[in-house]
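Participant: sequence first, then the predicted structure:
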Amino acid sequence: MFTATLIAGNGLPVGEVSAAVDRLTMAGCAPGAAVWIDAGEAVDLPFGQEPAAARTALEGHGFDVVVQPVAARAKALLVADMDSTMITVECIDELADYAGIKAEVAEVTERAMRGELDFEGALDARVALLAGLDESAIDRCLAERVTITPGARELVRTMRARGALAVLVSGGFTRFAEPVAAEIGFDRAIANRLLIENGRLTGKVARPIVGAATKEETLRSTTAERGLASAETLAVGDGANDLPMIRAAGLGVAYRAKPIVAAAAAARIEHGDLTALLWAQGIARRDWVTA
């Protein structure tokens with residue numbers, strides 16, 4: 001059995017749900033009766049066959065859709081990207097603003113996240129432009145620019161309260177990832193280390209670089225260490241360097257993602273915030289951990 005979860009935290013009319021059931025029927029999915037997770041916000045549509053057809057039939061109607069098997073729906077491992085996923089900004093772009101070169105760096109970041117540039121080479125090139133920047137800019141940037149994405153705390157804290165492990169794996173930097181992970185509630189954080197000498201950035205990153213391969217390996221090795229099935233894992237990200245871990249996860253989610261990622265992910269969140277991933281696991285609002 002499968003379920004299609006329709007998520008519209010800003011309002012999901014009963015008529016839309018009925019129309020969705022009709023679309024599943026016409027697609028040959030053999031749907032059952034709708035089951036509300038939270039009335040007017042999120043609903044499950046159980047069905048028996050043709051999951052690819054179900055996704056095609058339901059997407060594009062103004063709400064988020066997550067189609068998945070019913071088995072192992074509640075996940076025991078979350079591996080998440082940081083920049084533009086768990087936080088609302090790209091830290092390297094904001095840090096570059098303190099050096100007066102944000103536009104130049106942001107253009108490279110955008111191309112790398114779209115998969116147009118090699119991630120490691122693009123990271124080296126961007127960090128090189130920051131050579132000489134005072135180390136104090138990192139703490140200023142963290143305090144002034146970094147904002148936690150709505151729903152991130154609820155997602156991580158609720159999953160951990162239910163026994164899941166949560167790992168933040170970022171192609172960004174430890175000086176941002178570690179405090180962000182602590183604030184949100186992750187078990188641990190993995191990220192790149194900026195090299196600093198005499199209080200200034202050297203323009204280099206410690207090796208090995210945390211990139212796409214590290215993200216995928218973190219997902220796979222942690223899954224094995226905890227004795228989990230791949231179906232019990234959830235990965236979420238937005239950029240091309242997140243694709244391998246998204247493809248490897250039981251539920252791989254593209255969150256407000258670049259086109260190459262959205263096209264490849266099993267699920268896309270375009271309308272709601274990160275609490276959509278709690279509804280995707282069948283967890284009602286009353287059971288969310290909010291503090």
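Facilitator: Ah, there it is. Numbering: from 1, shown residues only.
Participant: which stretches of the stretch 1-150 of the chain form helices?
Facilitator: Here the stretch 1-150 of the chain has its helices, by DSSP state H, counting those that start in this stretch, at 14-26, 51-58, 91-97, 102-113, 119-128, 136-145.
Participant: how many residues are close by P259?
Facilitator: Neighbour count for P259, taken as other Cβ atoms under 10 Å: 11. Where you see a C-beta, it was placed from the backbone N, CA and C, and this is true even at glycine.
Participant: run through the residues that contact it.
Facilitator: R114 (Cβ atoms under 8 Å, 6 or more residues apart in numbering).
Participant: and it, what pLDDT?
Facilitator: At P259, the predicted lDDT confidence score is 95.
Participant: where does the most centrally placed residue in the chain land in three-state SS?
Facilitator: Note on the chain: the residue nearest the mean C-alpha position is V236, at 2.7 Å, using Cα atoms, centre = their mean. Three-state assignment for V236 (DSSP: H, G, I helix; E, B strand; the rest coil): strand.
Participant: show me what contacts it?
Facilitator: 78-81, 85, 242, 246, 252-255, 274, 277.
Participant: near R23, how many other residues are there?
Facilitator: Counted by other Cβ under 10 Å, the residues lying close to R23 total 19.
Participant: tell me how far it lies from L45.
Facilitator: Relative to L45, R23 is positioned 10 Å away (Cβ to Cβ, to the nearest Å).
Participant: how about I246?
Facilitator: Distance of I246 to L45, given as Cβ to Cβ: 24 Å.
Participant: what about these two, which has more around it?
Facilitator: Using other Cβ under 10 Å, the more surrounded residue of I246 and L45 is I246, with 28 against 24.
Participant: wait, the more buried one sits on A254?
Facilitator: Yes: between I246 and A254 there is a contact at 6.7 Å, judged by Cβ atoms under 8 Å.
Participant: what do the two both touch?
Facilitator: Residues within reach of I246 and of A254 at once, by Cβ under 8 Å, 6+ apart, are 236-237, 261, 264-265.
Participant: most neighbours, which of those residues?
Facilitator: Highest neighbour count within the shared contacts of I246 and A254, by other Cβ under 10 Å: G237, with 34 neighbours.
Participant: any stretches of the stretch 151-291 of the chain with poor pLDDT?
Facilitator: The model of the stretch 151-291 of the chain has no residue with pLDDT under 70.
Participant: quick one, helices of the stretch 151-291 of the chain?
Facilitator: Secondary structure of the stretch 151-291 of the chain by DSSP H, counting those that start in this stretch: the helices cover 152-161, 174-184, 212-225, 243-248, 259-264, 276-279.
Participant: which other helices and strands contact the shortest one?
Facilitator: Read it as helix 276-279. When contacts are defined as 3 or more Cβ pairs under 8 Å, 6 or more residues apart in numbering; DSSP states H and E, helix 276-279 packs onto strand 2-7, strand 64-69, helix 152-161.
Participant: what does that helix contact?
Facilitator: Here helix 276-279 makes contact (Cβ under 8 Å, 6+ apart) with 5, 7, 9, 37-38, 41-42, 64, 66, 151, 154-155, 158-159, 234, 236, 253, 269, 288.
Participant: again, only this time at 7 Å
Facilitator: Helix 276-279 has contacts (Cβ atoms under 7 Å, 6 or more residues apart in numbering) with 5, 7, 37, 42, 64, 154-155, 158, 234, 236, 253, 269, 288.
Participant: make CSV out of these and add distance to P51.
Facilitator: Putting the contacts of helix 276-279 into CSV (distance: Cβ to Cβ, whole Å) gives the following:
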residue, distance to P51
T5, 12
I7, 17
I37, 19
A42, 19
D64, 16
E154, 27
L155, 24
T158, 26
L234, 17
V236, 20
V253, 16
I269, 18
W288, 27
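Participant: how far away is A99 from L130?
Facilitator: Going from A99 to L130 by Cβ to Cβ gives 6 Å.
Participant: so these two - more neighbours on which side?
Facilitator: Shown here are A99 and L130; by other Cβ under 10 Å, L130 has more neighbours (22 against 17).
Participant: look up how far V89 lies from the more buried one.
Facilitator: In terms of Cβ to Cβ, L130 sits 16 Å off from V89.
Participant: and stretch 270-290, end to end?
Facilitator: Stretch 270-290 has its terminal residues 22 Å apart, counting by Cα to Cα, to the nearest Å.
Participant: distance between it and the chain's centre?
Facilitator: 13 Å (Cα atoms, centre = their mean, to the nearest Å).
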